[in-house]
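Undergrad: This is a predicted model, with the sequence first.
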Amino acid sequence: MSAVRLPTDAIRACIAASDFDGAHALLVEHENALRAVFEDGTAAEKGCREAWLELLAAQRSLIDELRSARDEAARALDRAGQDRRAVNAYLRSGG
């Protein structure tokens, strides 16, 4: 279990840099590592229910952060598009 660590800092760094694909890739890599433990891990690793649940909660929290940041970026792009359209309309009207 100790070999599988959620790369929280790296994921948050990707989110802060608007590198949502990078954050997603890190989450997928982490999920693959977890699946490998369930397939190939020791009985002790497979049996640490409380630790797995804590890890799952942490991963879900990061997914929520990623989703929120992605949604905010989409809203910002939408606002920028609206602003651009407004400027273009103003310029076309001779403003």
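TA: Ah, there it is.

Undergrad: Just the pLDDT at Lys46, thanks.
TA: For Lys46, the model assigns a pLDDT of 69.

Undergrad: avg pLDDT for the host helix or strand of Arg84?
TA: Per DSSP states H and E, Arg84 falls inside helix 49-92. For helix 49-92, mean pLDDT rounds to 88.

Undergrad: tell me what that helix is packed against?
TA: In terms of contacts (3 or more Cβ pairs under 8 Å, 6 or more residues apart in numbering; DSSP states H and E), helix 49-92 is packed against helix 8-16, helix 20-40. (Each C-beta comes from the backbone N, C-alpha and C, glycine too.)

Undergrad: For the ones you listed, which has the smallest mean pLDDT value?
TA: helix 20-40 (a mean of 88).

Undergrad: re earlier: now the helices and strands packed on helix 49-92 as TSV including mean neighbour count and distance to Ala89?
TA: Formatted as TSV, those follow (neighbours: other Cβ atoms under 10 Å; distance: least, Cβ to Cβ, whole Å):
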stretch	mean neighbour count	distance to Ala89
helix 8-16	16	34
helix 20-40	14	31
